[in-house]
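[1] requesting a structural model of the entry that follows:
(2 chains)
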2 protein chains.
Amino acid sequence: MSQPTGACPHAWRHQQQHRGRMWATSRAFRRQLVLLRSLLPSPPSPPPYSFPSVAGRFFAPSCSSPSSTPSGSIRASHAMAGSAVYEADAEAVVRRITPPLDRSRHKGQAGKIAVIGGCREYTGAPYFAAISALKVGADLSHVFCTKDAATVIKSYSPELIVHPILEESYSVRDDERASVSSKILTEVAKWLERFDCIVVGPGLGRDSFLLDCVSNIMKHARQANIPTVVDGDGLFLITNNLGLVEGNPFAILTPNVYEYKRLVQKVLNCDVNEETAAEQLTLLCQKIGGVTIMRKGKADVISDGKTVTQVSTFGSPRRCGGQGDILSGSVAVFTSWARHFIMSNEEPKEKRVNPMTLGCIAGSLLLRKAASLAFEKSKRSTVTTDIIEFLGKSLEDICPAEH
Amino acid sequence: MSQPTGACPHAWRHQQQHRGRMWATSRAFRRQLVLLRSLLPSPPSPPPYSFPSVAGRFFAPSCSSPSSTPSGSIRASHAMAGSAVYEADAEAVVRRITPPLDRSRHKGQAGKIAVIGGCREYTGAPYFAAISALKVGADLSHVFCTKDAATVIKSYSPELIVHPILEESYSVRDDERASVSSKILTEVAKWLERFDCIVVGPGLGRDSFLLDCVSNIMKHARQANIPTVVDGDGLFLITNNLGLVEGNPFAILTPNVYEYKRLVQKVLNCDVNEETAAEQLTLLCQKIGGVTIMRKGKADVISDGKTVTQVSTFGSPRRCGGQGDILSGSVAVFTSWARHFIMSNEEPKEKRVNPMTLGCIAGSLLLRKAASLAFEKSKRSTVTTDIIEFLGKSLEDICPAEH
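    Next up, the predicted model:
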């Protein structure tokens, strides 16, 4: 979806913002927010983003009253005064959606995840995403990558199932492209429906032939309603081909500061505006048509075009590469758990909460907790592997396995 | 062996069940059960499966009387009331069959195991099976796999001897198939007789050429009377070609819930019936002609068509992929130890116990103990490697090396 040809960018933007406000004051939006808040029971903390002239109106009736939450009253009134980015009670979300470890369960029932990524150049990123999924608690974690990458990723860990299926331009003759592309899709497709969630992007690279193949895989996943987390080079792919995620409620985009900037420029045709950040994020989700976006930063801000929540628990001051990959793998597992939780939940209020949002909230918190513990131990020398080693303890601290 | 053409499935099934009952009430069956129970001295616990109208008859005379085992009287009378699945005293089995660590022994005397598996797609599974064999206590552990898999499996551990011998269809021209297949068999055959037990299946994949070669290897192993544990894709192979294991008393099949279902459908031409589960398992073993089957599940239920025992010690609620591979490698080692124990035992009663059953009981218990310890440490983030790390301690707890 692009801006209508010939339309004045300012007028168009104004129109979109107006639509966003209309939506934000609508009954459906109010209902979503009430539902989300009922699942996330803690009072909101002072929000970093303002959403002027919207929140005050519809939050007033549903916010905890000062008398019922005395300690939260200032925060509540602050929220009521004109902001709508609520700090998620992320620990409560993790506890609600994490499935009990039932003795009667079979292999696969706690989640089967696949990462589409890994090429001649990048092998660490898909490994980090896939192993994180296992460490969070998925039963099976697959990687679909190029042949060159497969040998290396396999050698990182025997725990992963690595499929050397993708191809890059350098290894395919022009006249073979169509048949190779079709063969790749057939190979991946026979696995795809087994997965509860896929992650597209970690270490994918930017080879045009490979990206074309991955576009086909994404279309297939979409037809099968498989939740799809898009990160890294997957965001490069979808930013240039928005049709791949447009109108897909099972798509989650997890852009960092640069990827978000490109996405905003491409979709909203303007620059990131920190003063109306929450509104802009909501508009972005709406414009792409119902996808969930987690804008990574000091706080991770999450919207599905209806609600805006954030996780701002402090993680680590270390910014070593690879943390985004942990996040994408963790979000994939939590999203599949949240989906199962929502589908099997008989409480009509909770049934309508967006599981993609819950998956993002839980994944964000877990990475932050693990990064904090890893930094405490390894300080400046903390690397991504150290953080992955603390995923288990972090989850255990929040949600003991005996629970 | 398939159902006779034209026979009514129900009549045929009834006939088989009748044969099963005939066998179950026969003198040979009674003798096997008495022998097994004499080796497994603890009183039976309440069984989860019923074996109606059979057990009561032949267990009455051989069960411990309430007066001789006062504390076990209720359980014994429960067993006598109509069930024949006995909880194995698996710790006693492990202690009896684990060989002492004699200083005069040479390399290889504690067991030489080989895993046939590992292809372009799977490398973790054969590694898990082979390294588990070493960690249980085998002296040498080999892997026979494809060239693509070999480099990766070698890189997981310098402890294994990895033979890059197998080939998949994509790497063999049609006109070369016969010669390549023959060359592969020659290569493997020159090693085969050195092994005390082989495991066929972990990470084998389903390539038709590779499976044809493995069929030849299985035939060769059978001629040499080498105990053969069949798991994973090996079960896919034998389910479609039952002749590979039919009538082989040295074959052990270790199906999970899905593999068992396919096996029952193929061999008994019906669905799994939980109400007559023990009877069905017995029939299945008989129909395949004397193989031992360990049906994996909440309890691992083991039959050789004569006795039905189970191990239900609780392991771990984590169902991460790879635990079946640990089991197959462990069963291989314990089976070779049990065979040696039975062969060198001069007690005629014990001489007739099936070492395949003992190997399954011991392997099942050890995996469950190790999984339990690993889960205690790593909780939800437990992966297969964590469990393997506890195989040694688990065995030591049951059967100290100084003993």
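[2] show me the strands in chain A, by range?
    A:86-87, A:112-116, A:140-146, A:161-166, A:197-200, A:228-230, A:251-253, A:292-295, A:300-303, A:308-311 (DSSP state E).
[3] so which of those strands is nearest chain B?
    Across the strands of chain A, chain B has its closest neighbour in strand A:140-146 (4.8 Å, Cβ to the nearest Cβ). Placement of C-beta: from N, CA and C, glycine included.
[4] the residue lying closest to residue A:293 once chain neighbours are set aside - how many residues pack around it?
    Spatial nearest neighbour of residue A:293, excluding adjacent residues (Cβ to Cβ, 6 or more residues apart in numbering or on different chains): residue A:253 at 4.7 Å. Neighbours of residue A:253 under the rule other Cβ atoms under 10 Å in any protein chain shown: 26.
[5] tell me who's in contact with residue A:253.
    By Cβ atoms under 8 Å, 6 or more residues apart in numbering or on different chains, the contact set of residue A:253 is A:230-231, A:235, A:238, A:245, A:263, A:288, A:291-294.
[6] cutoff 6 Å now
    A:230, A:291, A:293 (Cβ atoms under 6 Å, 6 or more residues apart in numbering or on different chains).
[7] is it in a bridge, and if so with what?
    Using DSSP bridges, the bridge partners assigned to residue A:253 are residue A:230, residue A:293.
[8] coming back round to it: I'd like the contacts of residue A:253 as TSV, with distance to residue A:111 and neighbour count appended.
    Shown next, in TSV, are the contacts of residue A:253 (distance: Cβ to Cβ, whole Å; neighbours: other Cβ atoms under 10 Å in any protein chain shown):
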residue	distance to residue A:111	neighbour count
A:230	19	30
A:291	21	26
A:293	23	27
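[9] go ahead and confirm residue A:122 touches residue A:204.
    No: contact between residue A:122 and residue A:204 fails when scored by Cβ atoms under 6 Å: they sit 7.5 Å apart.
[10] with neighbour numbers in mind, choose between those two.
    More neighbours surround residue A:204 than the other of residue A:122 and residue A:204, with 30 against 22 (other Cβ under 10 Å).
[11] any idea how far residue A:279 is from residue B:269?
    Look at residue A:279 and residue B:269: by Cβ to Cβ, to the nearest Å, they are 65 Å apart.
[12] since we're on the residue of the stretch 251-400 of chain A found nearest chain B, how many residues are nearby?
    Relative to chain B, the nearest point of the stretch 251-400 of chain A is residue A:392 (2.7 Å; Cβ to the nearest Cβ). Residues near residue A:392, counting by other Cβ under 10 Å, number 23.
[13] mind listing what the closest residue to it other than its chain neighbours touches?
    Nearest non-adjacent residue to residue A:392, counting by Cβ to Cβ, 6+ apart: residue B:381, 2.7 Å away. By Cβ under 6 Å, 6+ apart, the residues touching residue B:381 are A:135, A:391-392.
[14] go again using 8 Å as the cut-off
    Counting by Cβ under 8 Å, 6+ apart, residue B:381 touches A:134-137, A:391-393, A:395-396.
[15] again, but for residue A:328
    Residue A:328 neighbours (Cβ under 8 Å, 6+ apart): A:115, A:129, A:199, A:201-202, A:229, A:231-232, A:254, A:363.
[16] what's the separation between it and residue B:239?
    Taking Cβ to Cβ, one finds residue A:328 at 38 Å from residue B:239.
[17] residues from the stretch 51-200 of chain A in reach of chain B?
    Residues of the stretch 51-200 of chain A lying near chain B by Cβ under 8 Å from any Cβ of the partner chain: A:98, A:101-110, A:134-137, A:139-140, A:151, A:154-155, A:157-164.
[18] from these, which land in helices?
    Counted as lying in helices by DSSP state H, out of those, are A:134-136, A:151, A:154-155.
[19] tell me which of these is nearest to residue B:177?
    Using Cβ to Cβ, residue A:151 is the member of those that sits closest to residue B:177, with 25.8 Å.
[20] pull the number of nearby residues for the closest one.
    The tally of other residues near residue A:151 (other Cβ under 10 Å) stands at 19.
[21] for the closest residue to it other than its chain neighbours, list the residues it contacts.
    Distances taken as Cβ to Cβ, 6+ apart place residue B:152 nearest to residue A:151, at 5.9 Å, with adjacent residues excluded. Residue B:152 makes contact with A:151, A:154-155, B:123, according to Cβ under 8 Å, 6+ apart.
[22] could I get the pLDDT score of residue B:152?
    Residue B:152 carries a pLDDT value of 97.
[23] distance across stretch A:290-303, terminal residue to terminal residue?
    This stretch, stretch A:290-303, spans 9 Å end to end (Cα to Cα, to the nearest Å).
[24] what's the average pLDDT for stretch A:381-396?
    Over the span of stretch A:381-396, the pLDDT mean works out to 97.
[25] what is the end-to-end distance of that stretch?
    Counting by Cα to Cα, you get 24 Å between the two ends of stretch A:381-396.
[26] same thing with stretch A:337-354?
    From start residue to end residue, stretch A:337-354 stretches across 12 Å - Cα to Cα.
[27] show me what from the stretch 301-403 of chain A comes close to chain B.
    Within the stretch 301-403 of chain A, the positions near chain B by Cβ under 8 Å from any Cβ are A:391-393, A:395-396, A:400-401.
[28] now with 10 Å, please.
    Residues of the stretch 301-403 of chain A lying close to chain B (Cβ under 10 Å from any Cβ of the partner chain) are A:388-396, A:399-402.
[29] and the buried ones among these, selectable in ChimeraX?
    Those of these that count as buried under 16 or more other Cβ atoms under 10 Å in any protein chain shown are selected in ChimeraX with:
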select /A:388,389,390,391,392,393,394,395,396,399,401
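[30] can you tell me which of the residues of the stretch 301-403 of chain A next to chain B are in helices?
    Judged by DSSP H, helices contain the following of those: A:388-389, A:391-396.
[31] from those, which is closest to residue B:216?
    residue A:388 (42.8 Å).
[32] I figured residue A:309 hits residue A:356, correct?
    No: using Cβ atoms under 10 Å as the test, residue A:309 is too far from residue A:356 to be in contact (11.8 Å).
[33] of those two, which one has the most company?
    Higher neighbour count among residue A:309 and residue A:356: residue A:309, with 31 against 28, using other Cβ under 10 Å.
[34] next one: that one, what pLDDT does it get?
    On the pLDDT scale, residue A:309 is placed at 96.
[35] which residue is the nearest non-sequential neighbour of it?
    residue A:88 (4.3 Å).
[36] cool, and residue A:200?
    residue A:234 (4.0 Å).
[37] doesn't residue A:218 make contact with the one you found?
    Yes: applying Cβ under 10 Å as the test, residue A:234 and residue A:218 come out as touching, 8.2 Å apart.
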